[in-house]
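Asks: Below is the structure, and that's it, no one-letter string:
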């Protein structure tokens, strides 16, 4: 099946810093989504982004499908951004989640 | 919209007991998914339904697991008999249209502990 790798596995930031999270995948995909799992376990859909760039407030995402990667940008990070960020890809009705990037934003 | 609603939030049971997890998808969504999350295996798709029909149950680990969707607003995931290795967080998710190529919305999950 399709392989999904996220990097870095862990990231610690000071409040106000910017960060880039990466998701690499091993094959062409039908779609890609980014999720944030907050410290209480809730999974929130951030972006549905099979290709191109989208922005939502301080967050933006870019997927370059031909090169098999996606990036999630977090600007001016806040403590509420802490949690685990997952990317999930779909190929032929097979959805795979990456292992996630655990982000800790310190005040 | 109330979002995807799961119950119970926490379940503690003893090995051998039957466990039933419940899910109400977002109104108007046609697809419903059951996921399991563990530290070792991450997020795994167990089964998904489209228009109340099971489409892919290849992720269901064993015959002890079964899932039903009797109508568009309700689904259950049942484990009988439960075992300690079933301990995990079980998420339900729904999407607007068919299959996995739609934006997924997750419930808050059920934390299951089998002693």
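Replies: Done, it's in. Quick caveat: nothing in here was measured; it's all calculated off a predicted structure. Residues are numbered from 1 along each chain as shown, chains lettered A, B, ... in the order given.

Asks: Can you report how many residues neighbour residue 88?
Replies: No chain specified, so I'll use chain A. Residue A:88 is flanked by 23 other residues according to other CB atoms under 10 Å in any protein chain shown. (Glycine included, C-beta is placed from N, CA and C.)

Asks: oops, I was thinking of chain B
Replies: So residue B:88, with other CB under 10 Å, has 20 neighbours.

Asks: can you check the one 3 residues further on too?
Replies: By the other CB under 10 Å criterion, the neighbourhood of residue B:91 contains 27 residues.

Asks: Tell me what it is bridged to.
Replies: residue B:35 (DSSP bridges).

Asks: looking at chain A, which helix or strand is least sure?
Replies: In chain A, no helix or strand scores lower on mean pLDDT, DSSP states H and E than strand A:94-97, which sits at a mean of 87.

Asks: Would you list the strands that it pairs with, along with their directions?
Replies: Strand A:94-97 sits in its sheet next to strand A:83-91 (antiparallel), going by DSSP bridges.

Asks: quick revisit: ok, the helix or strand that comes right after the least confident helix or strand of chain A near chain B or not?
Replies: Per DSSP states H and E, the first helix or strand lying C-terminal to strand A:94-97 is strand A:101-106. No. Using CB under 8 Å from any CB of the partner chain, strand A:101-106 stays clear of chain B, with a minimum separation of 12.0 Å.

Asks: tell me the angle of strand A:101-106 relative to strand A:83-91?
Replies: Between strand A:101-106 and strand A:83-91, the angle comes out at 160 degrees (axes from the mean of the first three to the mean of the last three CA atoms, to 10 degrees).

Asks: Kindly provide the distance from the closest residue to residue B:73 other than its chain neighbours to chain A.
Replies: The spatial neighbour of residue B:73 that comes closest, neighbours along the chain excluded (CB to CB, 6 or more residues apart in numbering or on different chains), is residue B:24 at 5.7 Å. Separation of residue B:24 from chain A (CB to the nearest CB, to the nearest Å): 16 Å.

Asks: Name the residues of stretch B:80-97 that are buried.
Replies: B:82, B:86, B:87, B:88, B:89, B:90, B:91, B:92, B:93, B:94, B:95 (16 or more other CB atoms under 10 Å in any protein chain shown).

Asks: Go ahead and confirm the last one touches residue B:105.
Replies: Right, residue B:95. Yes. Residue B:95 lies in contact with residue B:105 (CB atoms under 8 Å); the separation is 6.9 Å.

Asks: Would you mind listing the residues touching both of those two?
Replies: Residues touching both residue B:95 and residue B:105 (CB atoms under 8 Å, 6 or more residues apart in numbering or on different chains) are residue B:29.

Asks: Just the ones of the buried residues of stretch B:80-97 in strands?
Replies: Among those, the members falling in strands (DSSP state E) are B:88, B:89, B:90, B:91, B:92, B:93, B:94, B:95.
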